[in-house]
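J.: give me coordinates for this.
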Amino acid sequence: MITAHTPSVTRQVVKIISKTKEIKPSRLRVSADLSKEFGFDTVDVVDIILELEKSFKIVIPDEVPLNTVGDFVNYVSTHTIRQAS
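T.: Numbering: from 1, shown residues only. Okay, the predicted model is just below:
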């Protein structure tokens, strides 16, 4: 389920994900499974998480299931908004 999120958060998350494997941001659909469609491994996902934590000043626990671009966008959107309020 996609929650309400700002386009700027989505853009930033997609930019961070795309840099990890040098994938054009336009190829990263919300439903794209990073490991199945783009070959991301655990190290790539950890790199993305670390960069998102640094950029958005949030903490992403290990047990959060993050498989698709949308998973990352949703998590960052909901936790960034919650922290800001």
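
J.: which phi and psi does Lys15 have?
T.: Phi and psi for Lys15, reported as degrees, to the nearest 10, are phi -60, psi -40.

J.: might you report the residue contacts of it?
T.: With contact set as CB atoms under 8 Å, 6 or more residues apart in numbering, Lys15 has these partners: Pro25. C-beta: built from backbone N, CA, C; applies to glycine.

J.: redo that, cut-off 10 Å
T.: Residues in contact with Lys15 (CB atoms under 10 Å, 6 or more residues apart in numbering) are 25, 28, 51, 55.

J.: element containing the last one?
T.: With elements taken from DSSP states H and E, the one containing Ser55 is helix 42-56.

J.: residues in contact with that helix?
T.: By CB under 10 Å, 6+ apart, the residues outside helix 42-56 that reach it are 9, 12-13, 15-17, 19-21, 34-35, 38, 40-41, 58-62, 64, 66-67, 72, 75-77, 79-80, 83.

J.: swap in stretch 69-77?
T.: 1-6, 9-14, 16-18, 25, 27-34, 37-38, 45, 48-49, 52-53, 55-56, 58, 60-61, 64-66, 68.
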